[in-house]
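Asks: what's the 3D shape of this:
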Amino acid sequence: MVFDQTDLRELAAFRDEVGVLSLYTTMEPGTQAGRTRLRNEIAALRQELAAGPDQERARLVDVRLDLLEQRVTELLDPAAPGLGRALFAQVAGDEVRTEWVQLPVGDLAVLKEHAYLLPLVTAVQADKPAGVARVGRDGVRLFDCRYGLADELESVIFNLATAGSSGEGAATLPGLSRRGIHPDRLDQRVEEHLTKFLRESAPHVAGQARRLGWETLLLVGDPRDTSVLSEALPADREIVQVDAVLDPALSPSEVLEFVRPTLDEVRARRDADLAVRTRDLALSGGNGAVGLDDILSLLRQGRVEHLLLDEAGLWNAESMAVAPEELEEEMIELTLEHGGDVTVLETGAARELAEAGGVAAMLRW
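Replies: Predicted structure coming up:
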């Protein structure tokens, strides 16, 4: 199954009395490097545990890794799906979970009391669900883009010149007949019907956006056409018009590659706006919070709805006894366990929280 955001919340509760093995690998097409890197990470983990004080734990992990060999081999299969892959396994228990995304997640082997989620969270939070609508004179083609993947959905087909034809897997609006129209007025009538069809396609587009949870919807095409559709859509999500022509022959993955720079710009802007809004709410006494100590307390109370973290992760380097990554992981885990969302801010957006220590939170109450 393709990774979904709900999987993160389930993994946040994945624990074991001895520990959970979290294995990550990035399988680059045409190379065996990912397989070698993960094998090296596993060997290094074995050596680290063997040199440590808890020899019984080291023995149990060795046994568990031996039993997982077939699962690790499957994880490293070049023919398996996913650029980024992860395996989570209990040491004392029997449960094993695997996840994959079409995004890089690094290569590492970690043993903790719970599933180690930071690489997965960092990878997927920047590529959340978004929609792309190619708007043309032939109709509206829809694409669902999430976590490095893209799928084409049911489209709305316009049949401007003649009436009645339909396509499989597509919603077809009634066509325009040439009968009774003077040739000099045909172009005008075509434009009128195109406008009408675009407006009538809006409920279908809006329904898909709601069903699939798109945070952003890109409308790609002639601005005269995308504007008509944009005005007919409800203002319940961010709608961005892109003045460009998408080749009808492009595959869903090629469409995603074409629009990725625009999606990245939109997400960076949204994250910066969210950081500013959260910081200002905190400073004005609203439902926002800044500062590490306060947010740790609020996380343990289950009051954090949305956690914002500087991707540099340096906010606690001098003030806390634990390593930055361990504290970051704890905050992510607590947020997800209580049903909240996490956004790891890139450098530009993180600047808005520099004076707040690089961490902020929207609160439930």
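Asks: quick one, what contacts the residue nearest to the spatial centre of the chain?
Replies: Closest residue to the average C-alpha location of the chain: Lys128 at 2.8 Å, with CA atoms, centre = their mean. The neighbours of Lys128, taking CB atoms under 8 Å, 6 or more residues apart in numbering as the test, are Gln5, Arg146, Tyr147, Glu215, Arg267. Where you see a C-beta, it was placed from the backbone N, CA and C, and this is true even at glycine.
Asks: filter these to the buried ones?
Replies: Buried by 16 or more other CB atoms under 10 Å: Arg146, Tyr147, Glu215, Arg267, out of the contacts of Lys128.
Asks: Apart from its chain neighbours, what residue comes closest to the third one?
Replies: If you skip the residues right next to it in sequence, Glu215 has Lys128 as its closest partner in space, 5.7 Å away by CB to CB, 6 or more residues apart in numbering.
Asks: Is that neighbour within a helix or a strand, and which one?
Replies: Lys128 is part of no helix or strand when elements are defined by DSSP states H and E.
Asks: Dihedrals phi and psi, it?
Replies: Lys128 has phi and psi values of phi -70, psi 170 when expressed as degrees, to the nearest 10.
Asks: and what of Leu68?
Replies: phi -90, psi 0.
Asks: Out of the contacts of Lys128, the closest to Thr25 would be?
Replies: Distance to Thr25, by CB to CB, is smallest for Tyr147 among these, at 16.5 Å.
Asks: Model confidence score at the closest one, please.
Replies: If you check Tyr147, the pLDDT there is 90.
Asks: any idea how far Leu83 is from it?
Replies: Noted for Tyr147: a distance of 10 Å to Leu83, by CB to CB, to the nearest Å.
Asks: before we move on, the earlier item: reformat the contacts of Lys128 as TSV; add distance to Asp66 and secondary structure.
Replies: Shown next, in TSV, are the contacts of Lys128 (distance: CB to CB, whole Å; DSSP: H, G, I helix; E, B strand; the rest coil):
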residue	distance to Asp66	secondary structure
Gln5	33	helix
Arg146	36	strand
Tyr147	32	coil
Glu215	43	coil
Arg267	42	helix
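Asks: now stretch 47-65: mean pLDDT?
Replies: 97.
Asks: end to end, how far does that stretch reach?
Replies: 13 Å (CA to CA, to the nearest Å).
Asks: distance between it and the chain's centre?
Replies: Relative to the chain's own centre, stretch 47-65 is displaced by 35 Å; criterion: CA atoms, centre = their mean, to the nearest Å.
Asks: Please point out which parts of that stretch sit buried.
Replies: Leu49, Arg57, Ala58, Leu60, Val61, Arg64, Leu65.
Asks: helices or strands up against the helix or strand that the second one is a member of?
Replies: Looking back up the chat, that one is Arg57. For Arg57, the element it lies in under DSSP H and E is helix 55-67. Packing contacts for helix 55-67, counted by 3 or more CB pairs under 8 Å, 6 or more residues apart in numbering; DSSP states H and E, involve strand 15-26, helix 33-50.
Asks: how about these in a markdown table, adding distance to Ala249?
Replies: Shown next, in a markdown table, are those (distance: least, CB to CB, whole Å):
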| stretch | distance to Ala249 |
| --- | --- |
| strand 15-26 | 30 |
| helix 33-50 | 31 |
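Asks: Deepest-packed of those, please.
Replies: With neighbours taken as mean count of other CB atoms under 10 Å, the helices and strands packed on helix 55-67 reach their highest mean count in strand 15-26, at a mean of 21.
Asks: by how many degrees do that one and helix 55-67 diverge?
Replies: Interaxial angle, strand 15-26 versus helix 55-67 (axes from the mean of the first three to the mean of the last three CA atoms, to 10 degrees): 50 degrees.
Asks: Indicate each strand paired with strand 15-26 and its parallel or antiparallel sense.
Replies: strand 84-90 (antiparallel), strand 108-114 (antiparallel) (DSSP bridges).
Asks: what comes up buried for the helix or strand following the first one?
Replies: So that's strand 84-90. Downstream of strand 84-90, the next assigned helix or strand under DSSP H and E is strand 96-101. For strand 96-101, a neighbour-count test (16+ other CB under 10 Å) marks Arg97, Thr98, Glu99, Trp100, Val101 as buried.
Asks: likewise stretch 236-243?
Replies: Arg237, Ile239, Val240, Gln241, Val242.
Asks: That stretch - what's its average pLDDT?
Replies: Mean pLDDT, computed over stretch 236-243, is 95.
Asks: re earlier: chain center to the helix holding Arg57, what's the gap?
Replies: Using CA atoms, centre = their mean, the offset of helix 55-67 from its chain centre is 34 Å.
Asks: go on, stretch 44-62?
Replies: 35 Å.
Asks: What's the end-to-end length of that stretch?
Replies: With CA to CA, one end of stretch 44-62 sits 12 Å from the other.
Asks: what do Tyr147 and Leu83 both touch?
Replies: Common neighbours of Tyr147 and Leu83, counting by CB under 8 Å, 6+ apart, are Val101, Gln102, Leu103.
Asks: Could you dump the residues you listed into JSON lines with distance to Glu333 added?
Replies: Below are the shared contacts of Tyr147 and Leu83 laid out as JSON lines (distance: CB to CB, whole Å):
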{"residue": "Val101", "distance to Glu333": "19"}
{"residue": "Gln102", "distance to Glu333": "24"}
{"residue": "Leu103", "distance to Glu333": "21"}
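Asks: quick one: which of the residues you listed is nearest to Ser251?
Replies: Closest to Ser251, out of all of the shared contacts of Tyr147 and Leu83 and judged by CB to CB, is Gln102, at 13.6 Å.
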